[in-house]
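Novice: Okay, sequence plus prediction incoming.
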Amino acid sequence: MDNLHNQNNTLFIESLSIKEIGKAYGTPVYIYSQKEITDNFLRFQNAFSEYPNLICYSVKANSNLAIINLLSKLGSGFDIVSIGELERVIAAGGDPKLCVFSGVAKTHFEIEKSLEHEILCFNVESKSELERIEFVAKQKGVKAPISIRVNPDVDAKTHPYISTGMKKNKFGVDADEAISLYRYAKNSSFLEIVGIDCHIGSQITDDNPFVDALDKVLELVEELIQIGINLKHIDLGGGIGIQYDNESTIDIETYINKIKEKVGNIEVILEPGRSIVGNAGVLLTKVEYIKSNPEKSFAIVDAAMNDLLRPALYDAYHEILNVDTSKKESGDRYDIVGPVCETGDFIARDREISLEEGDLLAIMSVGAYGYSMTSNYNSRPRPPEVMVSENKHYLVRERETLDDLFNKEHIINE
Ligand code: LLP
């Protein structure tokens, strides 16, 4: 996080002491830097400069209304994957007309609602889906704007669970099928071809797979021109990796310059999620207990896999800092684990860190796919979310109450 610094032996986000936020809201708590989110978004916009573009923030990365609202004010469009995300965008003051609808299985209801809200386009995943969209549009007497999601068959070299652009993945259609779907759409009175789409995966740290995918998309664009189909936009999806540890990753400006060089004057849409919010968030947690045996030491913290699933699900690395920076390197190694009853409930394993019971730890780079993947597993209320702006803090989502855990459930009284 660029907006994290050390002052008087304690960590600050922007001009606020993390300890103060812990005191005000308790732990665990998600904390975001408004400046960092803003700066990350503007990097995309500034890199495109005058070149026609639309940045569609991928809502699934972090769908908090305050974040959607902030980005919408900066001119963002949105990449959505469910009617729930569309409703969030609208509730946050975002423009449905700037939404692209991705996702492999759009329901009849979702298509209907999206048409009513006149979204920018459906990124179509299959022939059956295209036919369903056409059917719903016909029922409503409108033309549905569509892009075909092409699977370019390139290896994004990322975690297999988040790689989407290879033949073996469930996403999109191959180039031949894409052409046949475009021919079908061209002849339909209820479909309007607006673009082409591809998304090859997430947390990609080298821009070569992106450039390979772009080349394949551009070949298709040429073929489409030959058959009289001219597109309004090319959507290259999201997927730009961030730095979690010391890894090198894609430079946004370099990548966008490569796009600008290759694509003519056609509008480019990007769907970044992680690269806008990932490094803008930390999860603050407290060390409840330290427990050691001759083999291992465990620091048991009050955040668990229900609060941050990434380590358990992908073995993902998140840097962990003691908020009290006066603690000197001790050489002690801990498994940092949560209270959930599973061995898979860990935040970090075998991590060298100096800590004591009662210390506050900042789990870094959790702004993306942190809160949005939380659950109530083990009947644990979800943590609150707090936005920091300079020296102010705003509660942007309340901590769930114990009542929230079961107030939609019913006992059968018979
Ligand atoms: N567009 C589409 C169609 C997507 O499927 C995704 C992410 C994005 C855009 C945004 O990608 P980003 O810029 O955030 O990489 N839960 C996983 C990540 C799953 C990504 C799913 N799709 C994680 O925690 O790493």
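Specialist: Nice, thanks for sending it over.

Novice: contacts and neighbour counts: CA atoms only from here.
Specialist: OK.

Novice: At the contact with the ligand, which residues of the stretch 201-350 of the chain appear?
Specialist: S202, Q203, G237, G238, G239, I240, E271, P272, G273, R274, S275, R310 (Cα under 6 Å from any ligand atom).

Novice: wait, which of the residues you listed is closest to I179?
Specialist: For these, the residue nearest I179 by Cα to Cα is G237; the value is 19.5 Å.

Novice: Walk me through the domains of this protein.
Specialist: 4-32+278-405, 34-274 (automatic domain parsing).

Novice: Can you tell me which residues in the stretch 1-150 of the chain are near the ligand?
Specialist: S58, A61, S102.

Novice: Okay, now the unreliable bits of the stretch 151-300 of the chain?
Specialist: 162 (pLDDT under 70).

Novice: quick one: the helices in it?
Specialist: Taking DSSP state H, counting those that start in this stretch as the criterion, the stretch 151-300 of the chain contains helices spanning 175-186, 208-226, 252-262, 274-277.

Novice: Report the distance from the first one to the chain centre.
Specialist: The gap between the average C-alpha position of helix 175-186 and the chain average comes to 29 Å, counting by Cα atoms, centre = their mean, to the nearest Å.

Novice: cool, the second one as well?
Specialist: Taking Cα atoms, centre = their mean, one finds helix 208-226 lying 25 Å from the centre of the chain it belongs to.

Novice: most neighbours, which of the residues of the stretch 1-150 of the chain next to the ligand?
Specialist: With neighbours taken as other Cα atoms under 10 Å, the top of those is S58, carrying 30 neighbours.

Novice: can you give me phi and psi for I363?
Specialist: Phi and psi for I363, reported as degrees, to the nearest 10, are phi -90, psi 120.

Novice: I meant D153, not that one.
Specialist: Main-chain dihedrals, D153, degrees, to the nearest 10: phi 60, psi 50.

Novice: gap between it and I80?
Specialist: Distance, D153 to I80, by Cα to Cα, to the nearest Å: 23 Å.

Novice: ok so, going back, possible to save the residues of the stretch 1-150 of the chain next to the ligand as CSV with pLDDT?
Specialist: Formatted as CSV, these follow (pLDDT from 0 to 100):
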residue, pLDDT
S58, 98
A61, 98
S102, 96
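
Novice: So which of those residues is the closest to H5?
Specialist: A61 (24.6 Å).

Novice: what sits against that closest one?
Specialist: G273, R274, V277, G278, G367, A368, Y369, G370, S372 (Cα atoms under 8 Å, 6 or more residues apart in numbering).

Novice: Check I80 too.
Specialist: Here I80 is in contact with S58, V59, K60, L86, C99, V100, F101, S102, G103 (Cα under 8 Å, 6+ apart).

Novice: Any idea what the nearest residue to it once chain neighbours are set aside is bridged to?
Specialist: Distance criterion Cα to Cα, 6 or more residues apart in numbering; nearest residue to I80, sequence neighbours excluded, is F101 at 5.0 Å. Bridge pairing for F101 (DSSP bridges) gives the partners I80, F122.

Novice: what's the burial count for F101?
Specialist: Counted with other Cα under 10 Å, F101 comes out at 26.

Novice: all numbers from here: first residue = 55
Specialist: Will do, 55 is the new start, and the previous item becomes F155.

Novice: is it true that I401 lies in a strand?
Specialist: Yes - counting by DSSP: H, G, I helix; E, B strand; the rest coil, I401 is found in a strand.

Novice: In contact with it: list those residues for me.
Specialist: If you count contacts by Cα under 8 Å, 6+ apart, I401 has them with A358, M359, L362, P365, A366, H372, D389, I390, V391, G392.

Novice: Narrow these to those in strands?
Specialist: Counted as lying in strands by DSSP state E, out of those, are D389, I390, V391.

Novice: Could you export these as TSV, including pLDDT and neighbour count?
Specialist: Listed next are these as TSV, based on pLDDT from 0 to 100; neighbours: other Cα atoms under 10 Å:
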residue	pLDDT	neighbour count
D389	97	19
I390	98	23
V391	98	23
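
Novice: Tell me which residue is most central in this structure.
Specialist: Residue closest to the mean C-alpha point of the chain, counted by Cα atoms, centre = their mean, is A115 at 2.0 Å.

Novice: and that one, what are its phi and psi?
Specialist: Note on A115: its backbone torsions stand at phi -60, psi -40 [degrees, to the nearest 10].

Novice: now L58, nearest residue through space, not along the chain?
Specialist: I67 is the one closest to L58 (Cα to Cα, 6+ apart), at 4.6 Å.

Novice: give me every residue that touches the one you found.
Specialist: Going by Cα under 8 Å, 6+ apart, the list of residues near I67 reads N57, L58, H59, S87, V442.

Novice: What is the neighbour count of A78?
Specialist: 11.

Novice: Regarding it, which helix or strand does it belong to?
Specialist: Assigned by DSSP states H and E, A78 falls within helix 72-79.

Novice: cool, I85 as well?
Specialist: strand 83-87.

Novice: Using PDB, list the CA coordinates for that strand.
Specialist: These are the backbone C-alpha positions of strand 83-87, laid out as PDB (Å, rounded to 0.1, in the frame of the first residue of the first chain):
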ATOM      1  CA  VAL A  83     -11.900  -4.700  10.500                       C
ATOM      2  CA  TYR A  84     -11.300  -4.000   6.900                       C
ATOM      3  CA  ILE A  85      -9.700  -0.600   6.200                       C
ATOM      4  CA  TYR A  86      -9.400   1.000   2.800                       C
ATOM      5  CA  SER A  87      -7.500   4.100   1.600                       C
END
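
Novice: Any chance of the contacts of I401 in CSV with distance to A101 as columns?
Specialist: Below are the contacts of I401 laid out as CSV (distance: Cα to Cα, whole Å):
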residue, distance to A101
A358, 38
M359, 37
L362, 32
P365, 32
A366, 35
H372, 28
D389, 41
I390, 39
V391, 40
G392, 41
